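> fold the following.
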Amino acid sequence: MIFLDDFIIRAALAGIGVAFAAAPLGCFVVWRRMAYFGDATAHASILGVALALTFDVSIFSGVLVTALLMASTISTLSGRGYAMDTLLGVMAHSALALGLVAVSFLQGVRVDLMAYLFGDILAVSRGDLAVIWSGAAMVLGLMWWRWSSLLIATLNPELAQASGVNPRREQLVLTLALALVVAVAIKVVGVLLIAAMLLIPAATARAFSSTPERMAVLAICIGCASVVGGIYVSFGADTPTGPTIVSTGTALFAAASILALIGRSLRRRG
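So this is what the prediction gives:
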């Protein structure tokens, strides 16, 4: 397809694919207050990059396996007497530091750390697009399949248990989905900004949502708007594209927060 020869089109499609994958999952991250969990999983992906380059396998595979192992380790240890915030802090920063140290030992391999830390969306190829959209389709399919079970396990674990839904199993489903999102998003926004793509669209949509499903759909729309707007602003202002996408999402969050505050004020007066 000729239109895919335009790197701007490929960048926009890649960002939209990440938004479709990250936004609905981000809703569960917000509801479960798992923001740091996403950070720890994302930071582990740098170690995955180093391992992938060491063993000469695809970056996607290395990042996916490492992110999945990190998320599974955190899920396992969290129920065994470890304080969650402390555990996440230690794991997140240790994984990032170990990854950076591991990359420094690679001989004869040129690694653009800035691209992995902050993304390089303008360098997305057709092959990258296929990987991103395949991963996004898997995440969306997983969310569609497990939506009701995930929702009840999030809202009330005791009720979920009584209804025959295993909360630990649903936690593992979220873990798998989160690892997939990290693996597909690293090329677009980088390790340090993946958590922002998960959280900001979902947090923005929350103020205007009366149902979980509405929040998920709005989060996808806001994520796509952040991508398209961020790419446009990046070209106009000659700024880094990945951080500009996140900054655009932040501006939308600020605007939504102000509108919600005004709306509450008017309702109280009325």
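> pLDDT of the stretch of helix or strand Ile9 belongs to, averaged?
Here Ile9 sits within helix 7-31, counting by DSSP states H and E. Across helix 7-31, pLDDT averages out at 91.
> list the buried residues for the helix or strand just after it?
For helix 7-31, the succeeding helix or strand toward the C-terminus, using DSSP H and E, is helix 35-54. Neighbour counts over helix 35-54 (16 or more other CB atoms under 10 Å) mark 35-53 as buried. C-beta coordinates here come from the backbone N, C-alpha and C atoms, glycine included.
> let me see the contact set for Met197.
Going by CB atoms under 8 Å, 6 or more residues apart in numbering, Met197 touches 18-19, 22, 26, 185, 188-189, 223, 245-246, 249.
> which SSE is immediately downstream of the strand or helix carrying it?
For Met197, the host element (DSSP H and E) is helix 191-206. For helix 191-206, the following helix or strand on the C-terminal side (DSSP H and E) is helix 212-237.
> what's that following helix packed up against?
helix 7-31, helix 191-206, helix 241-269 (3 or more CB pairs under 8 Å, 6 or more residues apart in numbering; DSSP states H and E).
> returning to that earlier point: now, which of the contacts of Met197 sits nearest Trp147?
Gly26 (14.3 Å; CB to CB).
> for that closest one, give its distance to Ala216.
Going from Gly26 to Ala216 by CB to CB, to the nearest Å gives 9 Å.
> the two: which is more packed in?
Gly26 (32 against 21; other CB atoms under 10 Å).
> hang on, the earlier thing: pLDDT on the helix holding Met197, on average?
Helix 191-206 comes out at a mean pLDDT of 89.
> and if you look at stretch 259-270?
82.
> just the CA trace of it, in PDB.
What follows is stretch 259-270, C-alpha atoms only, in PDB (Å, rounded to 0.1, in the frame of the first residue of the first chain):
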ATOM      1  CA  LEU A 259     -14.200  21.400  32.600                       C
ATOM      2  CA  ALA A 260     -15.200  18.800  35.200                       C
ATOM      3  CA  LEU A 261     -14.400  21.300  38.100                       C
ATOM      4  CA  ILE A 262     -16.600  24.000  36.400                       C
ATOM      5  CA  GLY A 263     -19.400  21.500  35.800                       C
ATOM      6  CA  ARG A 264     -19.400  20.500  39.500                       C
ATOM      7  CA  SER A 265     -19.400  24.100  40.600                       C
ATOM      8  CA  LEU A 266     -22.300  24.900  38.300                       C
ATOM      9  CA  ARG A 267     -24.300  21.900  39.600                       C
ATOM     10  CA  ARG A 268     -23.800  23.000  43.200                       C
ATOM     11  CA  ARG A 269     -25.000  26.500  42.400                       C
ATOM     12  CA  GLY A 270     -28.000  25.200  40.500                       C
END
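> alright, that wraps it up for me.
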